[in-house]
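*Asks:* Predicted model and sequence below, questions to follow.
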Amino acid sequence: MSELGPVAVVGAGTMGAGIAQVAAAAGHPVVLVDALTGAAQAALDRMRAALDRRVDQGRISRSEATATTDRIRPADSLADLPECGLVIEAVPEDLGLKQRLLSEVAETQPPTTILATNTSSLDISTVAEAVPDPERVLGLHFFNPPPLMRLVEVVHGETTAEAYLAHAAALMTAWGKTPVRCTSTPGFIVNRVARPFYGEAQRVVEEGLADPATVDWIFRERGGFRMGPFELTDLIGQDVNYAVGASVWEQTGHDPRYAPTEFQRRLVEAGRLGRKTGQGVFSYAAEPGAAVPEPDLGLAERLSSSPIEADPLGRTLAMLVNEAVDLVHRGEASADDVDIAMRLGVNYPKGPIEWGREIGLDLVASHVAALDRAFPGGRYRPSPGLTDGSLDE
């Protein structure tokens, strides 16, 4: 991998700076570029301070920290780029901006340079349309923060060449990451398969079946999730989570399976965005004695033994498995890669395909069919992959 040569990262925000750190820590000379004068240098200064703290904590050595930052050169213009083996753009999620940037990079870089976008939602094929040789355009979707998160989704568009994909995946492994491969489906793997985790919980509350604190308790204590869906969306930001869900919904032609909930829309409209605003589903008031909602354990017990349409965890697991199986059934990712992505990307206790096999795919299919009867309209349609035998081991 040392033959790759310099790596360029365009965009010196949190994601771009983190990706630059990962590449530099792996031994590559890195050019970190941002159009805002001084932004790349400021990002490098913040990185140096963060690494200093890790040295003080005994997590890395002084020589490792120094070697990483010494390999990064800040720049304010694409004109400062040397010939690179890989250019990764990490600018805001604006299609026109990404297309213009990659088109400009393609004009000055060798035809063998891999051009990668760190998009979390845009179609790779559409991004690649502005590049004369789109076969070298692919997605490298890092998760935040890149230095700590192991997962990278390696995403191919309709024209991406296999040789570039294989090389990019091997490179991510060399960088200490775990790559998973997928097509450019809306939301890729993680952001698509995870939709039911949030949506089902919100619908359970909308339907008056349970309060958020009780639902979160069920997910943590009965499901083994590190956080419940309501405390997690408060941490992510209700606006951020809503935007991701709305993007998947729009890109799938307003498929009812991904329709955002009124519950979350009202939170966003009210400015109750979660921890960052002090109020979301729960209150995060700083004063002592602020009320912490208590779960209703009796209700949790009753719901856990209820029919599937009233069981928050059961219906969510059924839909997570259904969504994951559908992705594999469509040929957009392998079963193994889906499970790896969900464990590493969002810390699920098990991959949804593995979970489905433990529950029994036939039972999952019957659960989804029961939900479809209870709530007609297409949201709960069962994936053909649940019953066609394609996932049989």
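*Replies:* Everything's here; your move. Numbering: from 1, shown residues only.
*Asks:* residues contacting Val22?
*Replies:* Residues near Val22 by CB atoms under 8 Å, 6 or more residues apart in numbering: Phe142, Pro146, Pro147, Trp175, Gly176, Lys177. In short, each C-beta sits where N, CA and C put it, glycine included.
*Asks:* Quick check: the farthest pair among those?
*Replies:* Phe142 and Gly176 (12.2 Å; CB to CB).
*Asks:* burial count for Gln251?
*Replies:* 18 (other CB atoms under 10 Å).
*Asks:* That one and Pro349: what is the separation?
*Replies:* Here the distance between Gln251 and Pro349 works out to 29 Å (CB to CB, to the nearest Å).
*Asks:* so how far is the first residue of stretch 255-275 from its last?
*Replies:* Length of stretch 255-275, first residue to last, CA to CA, to the nearest Å: 30 Å.
*Asks:* list the buried ones in that stretch?
*Replies:* Arg257, Tyr258, Ala259, Pro260, Thr261, Phe263, Gln264, Leu267, Val268, Arg272, Leu273, Gly274 (16 or more other CB atoms under 10 Å).
*Asks:* roughly how far is it from the heart of the chain?
*Replies:* Here the centre of stretch 255-275 is set off from its chain's centre by 18 Å, with CA atoms, centre = their mean, to the nearest Å.
*Asks:* and for that stretch, what are the contacting residues?
*Replies:* For stretch 255-275, contacts defined as CB under 8 Å, 6+ apart pick out 195, 198-199, 202-203, 205-206, 233-239, 241-242, 245-246, 248-249, 252, 277, 279-281, 284, 323, 377-381.
*Asks:* Buried ones only from those, please, as a ChimeraX command.
*Replies:* Filtering the contacts of stretch 255-275 down to the buried ones (16+ other CB under 10 Å) takes a single ChimeraX command:
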select :195,198,199,202,203,205,233,234,236,237,238,239,241,242,245,246,248,249,252,279,280,281,323,379,380,381
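*Asks:* now, which of the contacts of stretch 255-275 lie within strands?
*Replies:* Of the contacts of stretch 255-275, none are assigned to strands by DSSP state E.
*Asks:* which residues sit in contact with Glu89?
*Replies:* Glu89 neighbours (CB under 8 Å, 6+ apart): Val9, Val10, Gly11, Lys98, Leu101, Leu102, Val105, Leu115, Ala116, Thr117, Asn118.
*Asks:* From these, list just the buried residues.
*Replies:* For those, a burial check counting by 16+ other CB under 10 Å picks out Val9, Val10, Gly11, Lys98, Leu101, Leu102, Val105, Leu115, Ala116, Thr117, Asn118.
*Asks:* Please produce JSON lines containing these, extended by distance to His28, pLDDT and secondary structure.
*Replies:* Listed next are those as JSON lines, based on distance: CB to CB, whole Å; pLDDT from 0 to 100; DSSP: H, G, I helix; E, B strand; the rest coil:
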{"residue": "Val9", "distance to His28": "10", "pLDDT": "98", "secondary structure": "strand"}
{"residue": "Val10", "distance to His28": "15", "pLDDT": "98", "secondary structure": "strand"}
{"residue": "Gly11", "distance to His28": "17", "pLDDT": "97", "secondary structure": "coil"}
{"residue": "Lys98", "distance to His28": "22", "pLDDT": "96", "secondary structure": "helix"}
{"residue": "Leu101", "distance to His28": "20", "pLDDT": "96", "secondary structure": "helix"}
{"residue": "Leu102", "distance to His28": "20", "pLDDT": "96", "secondary structure": "helix"}
{"residue": "Val105", "distance to His28": "17", "pLDDT": "96", "secondary structure": "helix"}
{"residue": "Leu115", "distance to His28": "16", "pLDDT": "98", "secondary structure": "strand"}
{"residue": "Ala116", "distance to His28": "14", "pLDDT": "98", "secondary structure": "strand"}
{"residue": "Thr117", "distance to His28": "19", "pLDDT": "97", "secondary structure": "strand"}
{"residue": "Asn118", "distance to His28": "16", "pLDDT": "96", "secondary structure": "coil"}
